[in-house]
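Chemist: How does the following fold in three dimensions:
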Amino acid sequence: MLKQDHIKPEASVIIPCKNEGQNLKMTLDSILAASQGTQLGKLEIVVVDDGSDDCCGDFLKESGKCSGLRFISTPGLGVAQARNLGASVARGKYLIFCDAHITVPAGWPDNLLDAFKDASVDAVSPAIGSLENLAAIGYGQTWNEQLQVVWLPPPPQMKTSTAPLLPGGCVAVRAGAFWQAGGFDQGFIVWGHEDVEFSLKMWLLGYRLYVNPSVKILHLFRKKHPYPVKMDHFLYNMLRMAYSHFNNERIEKVLDLINQAGSSKKINQRVLKGGAMEQRNQYLARRKYDDDWFMKKFKIDF
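Modeler: Numbering: from 1, shown residues only. Prediction:
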């Protein structure tokens, strides 16, 4: 799988990581083994080490595997910006964003990207199971009345079906649609809401998101992050998402939720100072649907 610059890959797998320990090696070994014999031609891999201090990516240089993939080191941009950076150097027609703590089945790229044969599909995720509980499987996500993420059951007849939210543990996007939508929110900090904001934004701009249940990857669901993540980081991103895409009534609901978990006034000031209203105006001018349409379409009561 040596990189040949004159051959444009069909797909680019983008893996951000930070303090992943042995998980990164597990993920890469799985992807490399499962992609042997793929009919996609060249499968490019881009690893973005976002400020790790546990040397989790050192094995790439030591083993010489760097010759078969692109390895980027950053000082700590946060998940959203690390994904965007990886995408900016990727050359594939499709971008597959993966967490650095997953395993994939044989032939997974062919089978996952088979959904794109339907021209209406702009992004697709596989079913996602748990490495520690094989009976736990989710087929895309939605929100409950508290704006908490809830995993969806299998779609009817296990056919590729639309889903409101695609989990970032593994999500494939047409590269053109990704950049036209603006990628992941560049204003997000550290961790939180990257996947759901991107999914919501894609739907509102007129793109269509699906789950391909015929492919199942396994994901390590950790009880804690391997790097500091504060509640304020999570709430900041949630409010920035609300200002970007929600009507005034829903923004007030989000502010109420933040008040229950922290200081909404302080976070609100930071979000507004970070250019949330300017971004809101840009999205409202471009979008095809509003948030009422989205909530009604997917029967979300928020």
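Chemist: Phi, psi for residue 220 please.
Modeler: Here the main-chain torsion angles of residue 220 (degrees, to the nearest 10) amount to phi -90, psi 110.
Chemist: Apart from its chain neighbours, what residue comes closest to it?
Modeler: Nearest non-adjacent residue to residue 220, counting by CB to CB, 6 or more residues apart in numbering: residue 101, 4.0 Å away. From N, CA and C alone the C-beta is placed, and that goes for glycine too.
Chemist: which residues touch the one you found?
Modeler: 20, 23-24, 26-27, 131, 219-220, 222 (CB atoms under 8 Å, 6 or more residues apart in numbering).
Chemist: Separate out the buried members of those.
Modeler: 20, 23-24, 26-27, 131, 219-220 (16 or more other CB atoms under 10 Å).
Chemist: ok, so of these, who is nearest residue 260?
Modeler: In terms of CB to CB, no member of those lies closer to residue 260 than residue 219, at 28.7 Å.
Chemist: In this protein, what residue spans correspond to strands?
Modeler: 11-17, 43-50, 70-74, 94-98, 102-103, 123-130, 137-138, 141-143, 149-151, 161-162, 170-174, 209-219 (DSSP state E).
Chemist: got these as a markdown table, with distance to residue 252 and mean pLDDT columns?
Modeler: Converted to a markdown table, these look like this (distance: least, CB to CB, whole Å; pLDDT from 0 to 100):
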| stretch | distance to residue 252 | mean pLDDT |
| --- | --- | --- |
| strand 11-17 | 33 | 97 |
| strand 43-50 | 34 | 94 |
| strand 70-74 | 36 | 93 |
| strand 94-98 | 32 | 98 |
| strand 102-103 | 37 | 98 |
| strand 123-130 | 30 | 98 |
| strand 137-138 | 30 | 98 |
| strand 141-143 | 17 | 98 |
| strand 149-151 | 21 | 98 |
| strand 161-162 | 29 | 98 |
| strand 170-174 | 30 | 98 |
| strand 209-219 | 27 | 97 |
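Chemist: so can I have CSV of those showing distance to residue 186?
Modeler: Formatted as CSV, the strands of the chain follow (distance: least, CB to CB, whole Å):
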stretch, distance to residue 186
strand 11-17, 14
strand 43-50, 14
strand 70-74, 14
strand 94-98, 15
strand 102-103, 25
strand 123-130, 19
strand 137-138, 28
strand 141-143, 23
strand 149-151, 22
strand 161-162, 27
strand 170-174, 16
strand 209-219, 21
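Chemist: Check what pLDDT the residue nearest to residue 220 gets.
Modeler: pLDDT for residue 101: 98.
Chemist: Show the backbone phi and psi for it.
Modeler: Given degrees, to the nearest 10, the pair of backbone angles that residue 101 has is phi -150, psi 60.
Chemist: how near is it to residue 224?
Modeler: 13 Å (CB to CB, to the nearest Å).
Chemist: Please apply the same query to residue 42.
Modeler: 37 Å.
Chemist: In terms of neighbours, single out the busier of the two.
Modeler: residue 42 (17 against 6; other CB atoms under 10 Å).
Chemist: Nearest spatial neighbour of the more buried one, chain-adjacent residues omitted?
Modeler: residue 9 (3.9 Å).
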